[in-house]
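>>> The following block contains a protein sequence and its predicted model.
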Amino acid sequence: MLSRIFGKKTVEPAPVRIDNNELDTRALKPLMEQKAPVSKDPKDLTGAWTMERVTTVFPSAQRALFQKYHVGGCSSCGFQPTDTLSTVALNHGLDVNEVIDHIQKSQEMEKDLEITPKETAELLKQGRIKLLDVRSPEEYAITNVAGSVLVDQAVAQEIMQTWSKDTPIVTMCHHGMRSLDAAAYLRGHGFVNAKSMCGGIDAWAEQIDSSLARY
């Protein structure tokens, strides 16, 4: 009974006789062995990295994976933080080396997705863009930019079904994160001129129109 609770007692190996006053360092060996450091250098990305590590080192990775491969956009194509990149690639029939290359380039690619509030304001004034607000109706009611369009299900369907793929689109949210996801989604569906306004409406209120309410 005791052995089932505490496990079978292991027999300790007989001590080795040390001659010539030499120090037996066997007991210290685990302390002396150095573990390989966990690299966070983007250049060291491999298929063995967990997705938690990938998305920490590459903040743009999740958007990049969804934009090109439709990975991570919903429950059926999602992944767990503990999954390795190789596992995710295998589950989606992808070449892991191609995926690694795409992720490493994603940070530069994401810069192309963003546009400043100042640039957005100028283009909006000239009527050269569609400014899409991807916040909730409640947030939109608090404050909004004149000329922007709140995206609901009906507007989303209209965009996907009837808008030209080369329509200049700028997405906007509160701080610029949801809008990045929206712009990446649009790019992934062929809207080549979709961009996200960095900083969101909060940055707009700070840099363009201080009369807007901030929350």
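Good, I have the coordinates.
>>> going forward, measure contacts and count neighbours with C-alpha atoms only.
Noted.
>>> host element of residue 109?
Counting by DSSP states H and E, the element that carries residue 109 is helix 96-111.
>>> how far is that helix from where the chain is centred?
Centre-to-centre, helix 96-111 and its host chain are 12 Å apart (Cα atoms, centre = their mean, to the nearest Å).
>>> Now do whichever helix or strand comes after it: which elements does it pack against?
Proceeding N to C from helix 96-111, the next assigned helix or strand is strand 114-115, under DSSP H and E. For strand 114-115, the elements it packs on are strand 194-197, judged by 3 or more Cα pairs under 8 Å, 6 or more residues apart in numbering; DSSP states H and E.
>>> Identify each buried residue in whatever helix or strand comes next after the strand it packs on, please.
Sequence-wise, the next helix or strand downstream of strand 194-197 (DSSP H and E) is helix 200-207. Of all the residues in helix 200-207, those buried under the rule 16 or more other Cα atoms under 10 Å are 200-205.
>>> By mean pLDDT, flag the weakest helix or strand of the protein.
Lowest mean confidence among the helices and strands of the chain (mean pLDDT, DSSP states H and E): helix 2-6, at a mean of 37.
>>> so how many other residues sit close to residue 194?
Neighbourhood size, residue 194 [other Cα atoms under 10 Å]: 28.
>>> Use 37 as the first number from now on
OK, 37 is where the count begins now, so the last one is residue 230.
>>> pLDDT below threshold where in this structure?
Applying pLDDT under 70 to the chain flags residues 37-73, 109-110.
>>> Per the annotation, how does it divide into domains?
Following automatic domain parsing, the chain resolves into domains at 78-147, 150-243.
>>> picking that back up, quick one: contacts of the helix holding residue 145?
The contact list for helix 132-147 (Cα atoms under 8 Å, 6 or more residues apart in numbering) reads 78-79, 81-83, 94-97, 100-101, 121-122, 125-126.
>>> Which helix or which strand is home to residue 245?
Per DSSP H and E, there is no helix or strand for residue 245.
>>> Walking through this structure, point out its strands one by one.
With DSSP state E applied, the chain shows strands at 150-151, 166-169, 185-186, 205-208, 230-233, listed in chain order.
>>> ok, now how distant is residue 154 from residue 119?
41 Å (Cα to Cα, to the nearest Å).
>>> Equivalent analysis for residue 243, please.
41 Å.
>>> Spit out the contact partners of the residue positioned nearest the centre of the chain.
Centroid-nearest residue in the chain, with Cα atoms, centre = their mean: residue 98, separated by 3.5 Å. Neighbouring residues of residue 98 by Cα under 8 Å, 6+ apart: 91, 107-108.
>>> mind listing the helices for this structure?
Counting by DSSP state H, the chain has helices at residues 38-42, 65-68, 87-93, 97-105, 121-127, 132-147, 153-161, 173-178, 189-198, 214-224, 236-243.
>>> Now the fifth one: buried residues?
Residues 121-125 are the ones in helix 121-127 that count as buried (16+ other Cα under 10 Å).
>>> now do stretch 171-181
For stretch 171-181, burial by neighbour count (16+ other Cα under 10 Å) applies to 171, 176, 179-181.
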